[in-house]
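K.L.:
Got a predicted structure plus its sequence, pasted below:
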Amino acid sequence: MPSLDELKVSIGNITLSPAISQRHSPAQMNRNSSSEELTKSKLSAPNNEKGNSDLLAWDPLFSSSLESSSSASLASSSSSARPTTPLSVGTIVPPPRPASRPKLSTGKLGGINEIPRPFSPPLTSNSSPPPAAPLARAESISSISSSASLSAANTPTVGVSRGPSPVSLGNQDTLPVAVALTESVNAYFKGADPTKCIVKITGDMTVSFPSGIIKVFTSNPSPAVLCFRVKNTSKLEQILPNAQLVYSDQSQSDSSTKDFWMNMQAITVYLKKLSEQNPSASYYNVDVLKYQVSSNGIQSTPLNLATYWKCNASTTDVRVDYKYNPESMNVPSMLSNVQVVVPVDGGVTNMQSLPPAKWNADQMKAYWKISSISEKSENGGSGSLRAKFELSEGPSKPATLAVQFISEGSTLSGVDVELVGTGYRLSLLKKRFATGRYMADC
């Protein structure tokens, strides 16, 4: 069993790293060798990987950002080739600040360390990103399609869909764009000791452009500059904008907001290349920034865990206590599709569990599934999972268990986004958070 130090390093080394790679998303979190070993030996398996994919199935707005946030979960990585941002940092000329936006007072943004480094993926011409369901009409939240299927192991930066573009631009004064905010919570629990809980929370912001907008950009030598404001940033420790596409206002003195605007020349070239590679795509999802949320140990975890093992030569008893923690969320929200995976060795011949769990003999793992946990659940979202395993080759060795869940409609940090200036309208804003590496030991 990995030592506490190894697991601490595993969670502690999850950082905002924009390293360029053909195999991993820019938002994928770095891990050291001990965490990789832990993942392979205890948390990954073919069937489990499939369950993880089903767990995180979502709509197309999250086809890039959600996968980035979940890239450090149980599944092993396998990704498709992805287009790259066409311009290098050295060739980008910042667009002028839009006249419609007043200059803010001089002063440094307090409490946030901004790191303007590029993190776009490399260009590959042989293949295109996997298809997903199209964005529905920009003016209707209820009409958003939810049929896209994605895997936490695949992490494309740009999401595309098949079929005609659902956005009719016409002669409208404003152009529609959609935004997704996705956060990933990573945690390690040691026994029932809350002081040994290690937590790291990261987030991604993705902007979705309808394919019809490319014609507007290419036919206009000076399209309106797309500006947006990230609000409620007081809980953020770092903001990492995509320096090849996004610029930020360094003169802001308000520590709760941060203004950004697009390099329209770069985004036009970028979207045009994507359109050439995927002419039937209805929209394109582009990662514009990542951030890290400040955390306060177990108080920042949406679901608190404590595990207990009793190992004998012929039997093993396992108990997992869980407790819903609304204080960790900006707005208390339901945790959905909760899965708990417990590896048990020692030659299990029989399992008795409450509530009922499924035993996978090939993987030597017990699986519990809970549809949802919230304040409205029994006992306010607190409960226990129990199992007794009969062994032929005991005793068992206590192992690291893994948990997954998702929550839609809100974020842990409370970060929000609004468009600033003229020329564009925010047709949809989607928020969610999900587990990354969420583990517990006895």
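P.N.:
Received it, and whenever you're ready, just let me know what you need.
K.L.:
Could you tell me which helix of the protein is the longest one?
P.N.:
helix 264-277 (DSSP state H).
K.L.:
CA-only coordinates of the helix or strand following it, as CSV, when you get a sec.
P.N.:
As assigned by DSSP states H and E, the chain's next helix or strand after helix 264-277 is strand 283-293. C-alpha atoms of strand 283-293 as CSV (Å, rounded to 0.1, in the frame of the first residue of the first chain):
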residue,chain,number,x,y,z
TYR,A,283,-19.4,24.6,-33.4
TYR,A,284,-15.8,24.7,-32.0
ASN,A,285,-14.9,24.7,-28.3
VAL,A,286,-11.7,26.5,-27.4
ASP,A,287,-10.0,26.5,-24.0
VAL,A,288,-9.4,30.1,-23.1
LEU,A,289,-8.1,29.9,-19.5
LYS,A,290,-7.5,27.6,-16.5
TYR,A,291,-7.4,28.4,-12.8
GLN,A,292,-6.6,27.0,-9.4
VAL,A,293,-9.0,27.4,-6.5
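K.L.:
quick check: angle from strand 283-293 to helix 264-277?
P.N.:
Calculated by axes from the mean of the first three to the mean of the last three C-alpha atoms, to 10 degrees, strand 283-293 forms an angle of 130 degrees with helix 264-277.
K.L.:
Can you give the strand pairings for strand 283-293, parallel or anti for each?
P.N.:
Partner strands and pairing direction for strand 283-293 (DSSP bridges) are strand 193-210 (antiparallel), strand 236-241 (antiparallel).
K.L.:
Any buried residues in stretch 281-299, and which?
P.N.:
281-293, 295, 298 (16 or more other C-beta atoms under 10 Å). No exception for glycine: its C-beta is placed from N, CA and C like everyone else's.
K.L.:
just to revisit the earlier point, how about a markdown table for the strands paired with strand 283-293, with mean neighbour count and mean pLDDT added?
P.N.:
Listed next are the strands paired with strand 283-293 as a markdown table, based on neighbours: other C-beta atoms under 10 Å; pLDDT from 0 to 100:
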| stretch | mean neighbour count | mean pLDDT |
| --- | --- | --- |
| strand 193-210 | 22 | 96 |
| strand 236-241 | 21 | 94 |
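K.L.:
so what's Thr301 up against?
P.N.:
Val185, Ala187, Phe189, Cys197, Val199, Asn325, Ser328 (C-beta atoms under 8 Å, 6 or more residues apart in numbering).
K.L.:
buried set for stretch 211-229?
P.N.:
Per 16+ other C-beta under 10 Å, stretch 211-229 contains these buried residues: 211-214, 216-217, 223-229.
K.L.:
any idea of the mean pLDDT in that stretch?
P.N.:
The average pLDDT within stretch 211-229 is 93.
K.L.:
Over to stretch 297-305?
P.N.:
pLDDT averaged over stretch 297-305 gives 97.
K.L.:
end-to-end on that stretch?
P.N.:
Stretch 297-305 has an end-to-end distance of 12 Å (C-alpha to C-alpha, to the nearest Å).
K.L.:
picking that back up, packing partners for the longest helix of the chain?
P.N.:
Counting contacts by 3 or more C-beta pairs under 8 Å, 6 or more residues apart in numbering; DSSP states H and E, helix 264-277 packs against helix 213-219, strand 283-293.
K.L.:
Just the buried residues of the helix or strand that the last one is followed by, please?
P.N.:
Sequence order places strand 303-311 as the next helix or strand after strand 283-293, per DSSP H and E. Within strand 303-311, the residues scored as buried using 16+ other C-beta under 10 Å are Leu303, Asn304, Leu305, Ala306, Thr307, Trp309, Cys311.
K.L.:
Name the nearest of the residues you listed relative to Glu408.
P.N.:
Leu303 (15.5 Å; C-beta to C-beta).
K.L.:
Can you tell me the closest non-neighbouring residue to the closest one?
P.N.:
Tyr322 (5.6 Å; C-beta to C-beta, 6 or more residues apart in numbering).
K.L.:
Let me see the contact set for that neighbour.
P.N.:
Contacts of Tyr322 by C-beta under 8 Å, 6+ apart are Leu303, Asn304, Leu305, Val340, Ile373, Gly381, Ser382, Gly383, Ser384, Leu385.
K.L.:
Now a PyMOL select for only the buried ones of those residues.
P.N.:
Buried members of the contacts of Tyr322, defined by 16+ other C-beta under 10 Å, are picked up in PyMOL with:
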select buried, resi 303+304+305+340+373+381+383+385
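K.L.:
Please identify which of the contacts of Tyr322 is nearest to Val420.
P.N.:
Out of the contacts of Tyr322, the member with the shortest distance to Val420 (by C-beta to C-beta) is Leu303, at 36.0 Å.
K.L.:
Wait, that closest one touches Leu335, no?
P.N.:
Yes. Leu303 lies in contact with Leu335 (C-beta atoms under 8 Å); the separation is 6.1 Å.
K.L.:
can you list residues touching both of the two?
P.N.:
Tyr324, Ile373, Phe405.
K.L.:
and the second one, what does it touch?
P.N.:
Meaning Ile373. Contacts of Ile373 by C-beta under 8 Å, 6+ apart are Leu303, Tyr322, Tyr324, Met334, Leu335, Val338, Gly381, Phe405.
K.L.:
Mind putting those into TSV with distance to Val246 and secondary structure?
P.N.:
Shown next, in TSV, are the contacts of Ile373 (distance: C-beta to C-beta, whole Å; DSSP: H, G, I helix; E, B strand; the rest coil):
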residue	distance to Val246	secondary structure
Leu303	33	strand
Tyr322	39	strand
Tyr324	36	strand
Met334	33	coil
Leu335	32	strand
Val338	35	strand
Gly381	38	helix
Phe405	31	strand
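K.L.:
Quickly name whichever of the residues you listed is closest to Ser427.
P.N.:
Nearest member of these to Ser427, counting by C-beta to C-beta, is Met334, at 25.3 Å.
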